[in-house]
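dropping a prediction and its sequence here:
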Amino acid sequence: MLNSLLAGSLEDAAARRAQRPLSIVEAAAHEQAPALDALAFLQPGERVKIIAEVKRASPSRGALADIPDPAALAALYEDGGASAVSVLTEQRKFGGSLADLEAVRQAISLPVLRKDFIADPYQVFEARAAGADMVLLIVAALEQPLLQELYALIRELGMAALVETHDADEVSRALDIGASIVGVNARNLSTFELDRDLFGRIADQIPSGVVRVAESAVHSADDVAHYRRDGADAVLVGEALVTGDPLATLAHFLAV
Ligand SMILES: O=P(O)(O)OC[C@@H](O)[C@@H](O)c1c[nH]c2ccccc12
């Protein structure tokens, strides 16, 4: 599944590129206001940090929420105390777009993460041109040299990377490229299986000084407390926020 998601995102990027060549997107990326310092917003603190996600659908769950106005949703996330906002830009299975990201960027002053299947520098330039401050890199989807290259480009453009892992070996690969924000996704993107204890098993491999993010399947304050006990500095939450009352849910989770 991961491979087909990746192939779909790359195909869509190639189609956009045919309309808007790299030189144009690169220039647009450099014209943007400087990226916000996502690492500063996500610094470990007394309270868990929340990365709140704008997510319409997912391949494992199908349609989740309508979200007619992603900017309004992101503004609620900001009011509710989120530390950053993740915007799915993958279109085929998640129903997202770069237009969603641009709208969110205009509406809030929190760092914005481009959540997509990124494997081409063009997509990184697109992210910055749309105003993203942070880009997701999925270790399982990338050979080490490409992971390294994309990470370097993200940093060069002044952005941060959320480097997503799913096992101990991937954590080592993330640390090898110097990642300062490492995510552990409880969901295996190849099989969609969920393992909420994975974070606890590999988190202590991530040195202090690196922000540790627990991703996926955070549905209750108990889940947040569970990840917190296992050493999470931040949690990334999608479904629970888009299907429930975002303000109440954030308040609940932040009280842990
Ligand atoms: O909706 P959830 O279960 O709260 O999950 C959010 C987020 O972790 C999930 O959307 C995600 C994590 N890694 C990804 C990589 C690609 C697409 C999506 C994801």
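Received it, and whenever you're ready, just let me know what you need.

up against the ligand, what does the stretch 101-250 of the chain have?
Residues of the stretch 101-250 of the chain lying close to the ligand by CB under 6 Å from any ligand atom are 115, 138, 164, 185, 215-218, 236-240. (Each C-beta comes from the backbone N, C-alpha and C, glycine too.)

hey, where'd the strands end up in the stretch 51-200 of the chain?
57-58, 62-63, 84-88, 112-115, 134-138, 160-165, 181-185 (DSSP state E, counting those that start in this stretch).

and the gap between Leu76 and Ile206?
For Leu76, the distance to Ile206 equals 30 Å [CB to CB, to the nearest Å].

out of those two, which sits in the busier spot?
Between Leu76 and Ile206, counting by other CB atoms under 10 Å, Ile206 is the more crowded of the two (22 against 18).

the nearest residue in space to Leu157 that is not next to it in sequence: neighbour count?
Distances taken as CB to CB, 6 or more residues apart in numbering place Arg128 nearest to Leu157, at 4.7 Å, with adjacent residues excluded. Residues within reach of Arg128, counting by other CB under 10 Å, total 25.

any idea how many residues pack against whichever residue of the stretch 151-256 of the chain sits closest to the ligand?
Scanning the stretch 151-256 of the chain for the residue nearest the ligand gives Gly238, at 2.8 Å (criterion: CB to the nearest ligand atom). The number of residues packed near Gly238 is 25, by other CB under 10 Å.

Gly158 too?
Counted with other CB under 10 Å, Gly158 comes out at 15.

repeat that for Gln32.
16.

same question, Gly62
The tally of other residues near Gly62 (other CB under 10 Å) stands at 8.

mind picking the two most distant members of the residues of the stretch 101-250 of the chain next to the ligand?
Greatest spatial distance in those: Ile138 and Ala240, 21.5 Å, computed using CB to CB.

what about the helix or strand harbouring Thr249, distance to the chain center?
Secondary structure from DSSP states H and E places Thr249 in helix 246-254. On the basis of CA atoms, centre = their mean, to the nearest Å, helix 246-254 sits 19 Å off its chain's mean C-alpha point.

for it, buried residues please.
246, 249-250, 252-254 (16 or more other CB atoms under 10 Å).

list the contacts of the residue of the stretch 151-256 of the chain closest to the ligand.
By CB atoms under 8 Å, 6 or more residues apart in numbering, the residues touching Gly238 are 53, 55, 58, 64, 86, 88, 216.

surely the residue nearest to Leu157 and Ala29 touch.
Yes. Here Arg128 reaches Ala29: they are 3.8 Å apart, a contact under CB atoms under 8 Å.

shared neighbours, the two?
Residues touching both Arg128 and Ala29 (CB under 8 Å, 6+ apart) are Leu157.
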